[in-house]
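Undergrad: Sequence isn't available, so here's the structure alone:
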């Protein structure tokens, strides 16, 4: 691996695992995402039987919230 590529990977790792401070606008948008996901999670819980698939659906929804909020925190 070249030194340049290694430095690029190191910078990416630093970015991924650093604390990203958020301003009030970012926090408001992140809250909207979480609230929307919570409503969707409640709908999933109401309309689907308790099962592995339901659990996976809720877990994937958590992942969606995490990724969306990370996009806001990491890239602005």
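TA: Good, I have the coordinates. No experiment lies behind these values; they were computed from the predicted model shown. Residues are numbered from 1 along each chain as shown.
Undergrad: mind listing the helices for this protein?
TA: 3-16, 24-47, 52-75 (DSSP state H).
Undergrad: Which secondary structure elements does the last one sit against?
TA: The criterion is 3 or more C-beta pairs under 8 Å, 6 or more residues apart in numbering; DSSP states H and E, and the helices and strands that helix 52-75 contacts are helix 24-47. C-beta here means a position set from N, CA and C on the backbone, and glycine is covered the same way.
Undergrad: possible to save the helices of the chain as a markdown table with mean pLDDT and mean neighbour count?
TA: Below are those laid out as a markdown table (pLDDT from 0 to 100; neighbours: other C-beta atoms under 10 Å):
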| stretch | mean pLDDT | mean neighbour count |
| --- | --- | --- |
| helix 3-16 | 86 | 10 |
| helix 24-47 | 97 | 12 |
| helix 52-75 | 96 | 13 |
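Undergrad: Any figure for the gap between residue 39 and residue 52?
TA: In this view, residue 39 and residue 52 are 23 Å apart by C-beta to C-beta, to the nearest Å.
Undergrad: Kindly report the same for residue 73.
TA: Following C-beta to C-beta, the distance that separates residue 73 from residue 52 is 31 Å.
Undergrad: Ok, residue 63 next?
TA: 16 Å.
Undergrad: Centroid-nearest residue for the protein?
TA: The residue lying closest to the centre of the chain (C-alpha atoms, centre = their mean) is residue 66, at 1.3 Å.
Undergrad: ok, now which ones touch it?
TA: Going by C-beta atoms under 8 Å, 6 or more residues apart in numbering, residue 66 touches no other residue.
Undergrad: Leaving out the residues flanking it, which one is nearest to residue 16?
TA: Spatially, and ignoring its direct neighbours in sequence, residue 16 is nearest to residue 74 (7.7 Å; C-beta to C-beta, 6 or more residues apart in numbering).
Undergrad: Identify the residue nearest residue 54 in space, chain neighbours excluded?
TA: Residue 54 sits nearest to residue 48 (C-beta to C-beta, 6+ apart), 4.7 Å away.
Undergrad: sorry, back to before: just confirm the residue nearest to residue 16 contacts residue 15, I think it does.
TA: Yes. Counting by C-beta atoms under 8 Å, residue 74 touches residue 15, with 6.7 Å between them.
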